[in-house]
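Visitor: Okay, here's the prediction I keep looking at, along with the sequence it came from:
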Amino acid sequence: MIPDFEVTILGNTSSIPVHGRNPTAQVVRYHKDYFLIDCGEGTQIQLQRFKLKASRIENIFISHLHGDHYLGLVGLLSSYNLIGRTKPITIFGPKGLDEIITTQFRWSNTRLGYPLKFIQTNPDEPEVIFDNPRVSVSSFPLKHRLPTTGFKVMEKQRQRRLIKERLEEEKPPLDAIKAFRDGNDFKAENGEILRVDDFAYEEPGLRSYSFCSDTIYDEELVPHVMNSSLLYHESTFMEDQKERAQITFHSTAKEAANIAKLAKVDKLLLGHFSSRYSDLEGLLAEAKTVFSNSILSEQGETYAIK
């Protein structure tokens with residue numbers, strides 16, 4: 001069975017909530033692992049609205065300290081406390097985020113009923129910041145007006161699918177079946193080697209999801225997102241606002257598409273749209289002139305990573 005790997009968009013606008021669009025937040029799910037990436041204003045309401053299991057979120061990743069990427073965090077953490085959460089939460093984010101959160105809780109005399117851990121991200125070097133037997137999360141530098149990191153969620157080697165007809169025909173022992181699932185050959189008691197490739201389908205490619213929140217066009221990030229199954233890249237402006245994008249350290253949709261092309265990703269998900277656009281089709285059209293497999297992110301939509 002192939003584990004589910006998907007991302008649900010909770011917010012996709014920049015700066016302020018407009019046109020029915022909320023600030024940046026999304027939930028990445030890999031099987032039973034739930035990750036919240038960025039937490040703009042209203043994130044907890046969006047979690048309820050789209051019927052996501054907020055209680056399963058144990059790791060939160062914040063890209064940088066512009067308000068549209070983290071101002072929903074205190075409200076979410078407070079609500080967890082009010083409903084009696086006891087499971088720990090780890091927050092990965094830039095320097096200063098722990099002070100912001102603990103200061104607000106201190107002055108509101110809030111005592112959390114669950115452990116809260118902060119891990120500071122590095123805006124200058126790529127790092128693996130989360131790792132379990134199923135999946136890893138790496139951070140990598142982005143170029144913005146504040147220290148900013150992107151994130152890459154990468155699955156680890158998953159079990160191989162077995163060829164049922166071969167199993168029924170050869171009837172290997174249970175230990176051999178386990179070895180085949182893990183991608184290994186098996187040595188029988190009589191010394192015979194049972195080859196995994198005879199009993200299991202070809203090893204599946206590993207899937208990955210890359211998240212680039214706020215960044216000026218920067219080809220240095222290409223190696224960090226190379227060959228991603230799905231790339232979310234900010235596309236705040238259209239080409240006629242390219243100068244504005246450079247001044248504010250943002251990207252155009254066409255520039256996002258060029259990163260996707262250079263990085264040879266499978267699919268590009270556009271987001272972080274400027275409030276000046278009520279209709280987003282123009283951004284999509286410009287992106288597709290460079291990278292045809294581009295799509296607009298939509299709030300409440302879940303995108304399979306495959």
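Guide: Yep, that arrived. Numbering: from 1, shown residues only.
Visitor: OK, contacts around residue 123?
Guide: Counting by Cβ atoms under 8 Å, 6 or more residues apart in numbering, residue 123 touches 94, 141-142, 147-149. No exception for glycine: its C-beta is placed from N, CA and C like everyone else's.
Visitor: ranges for the strands of the stretch 1-150 of the chain?
Guide: Secondary structure of the stretch 1-150 of the chain (DSSP state E, counting those that start in this stretch): strands at 5-11, 25-30, 33-39, 57-61, 89-93, 116-120, 127-131, 135-142, 148-155.
Visitor: Considering the contacts of residue 123, which possesses the most neighbours?
Guide: residue 149 (30 neighbours; other Cβ atoms under 10 Å).
Visitor: May I have the residues that are in contact with that residue?
Guide: 63-64, 94, 121-123, 139-142.
Visitor: any chance of the strands of the stretch 1-150 of the chain in JSON lines, plus mean pLDDT?
Guide: Below are these laid out as JSON lines (pLDDT from 0 to 100):
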{"stretch": "strand 5-11", "mean pLDDT": "97"}
{"stretch": "strand 25-30", "mean pLDDT": "97"}
{"stretch": "strand 33-39", "mean pLDDT": "98"}
{"stretch": "strand 57-61", "mean pLDDT": "98"}
{"stretch": "strand 89-93", "mean pLDDT": "98"}
{"stretch": "strand 116-120", "mean pLDDT": "98"}
{"stretch": "strand 127-131", "mean pLDDT": "98"}
{"stretch": "strand 135-142", "mean pLDDT": "98"}
{"stretch": "strand 148-155", "mean pLDDT": "98"}
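Visitor: now the end-to-end length of stretch 150-162.
Guide: 36 Å (Cα to Cα, to the nearest Å).
Visitor: Flag the shaky bits of the stretch 51-200 of the chain, pLDDT-wise.
Guide: Applying pLDDT under 70 to the stretch 51-200 of the chain flags no residue at all.
Visitor: before we move on, the earlier item: would you turn the contacts of residue 123 into CSV with distance to residue 186?
Guide: Below are the contacts of residue 123 laid out as CSV (distance: Cβ to Cβ, whole Å):
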residue, distance to residue 186
94, 48
141, 44
142, 46
147, 50
148, 48
149, 43
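Visitor: out of the residues you listed, who's nearest residue 232?
Guide: Distances from residue 232 to those, taken as Cβ to Cβ, are shortest for residue 142 (12.2 Å).
Visitor: Name the nearest of the contacts of residue 123 relative to residue 30.
Guide: residue 149 (19.5 Å).
Visitor: Just the endpoints, please. Distance across stretch 125-133?
Guide: By Cα to Cα, the extent of stretch 125-133 from end to end equals 24 Å.
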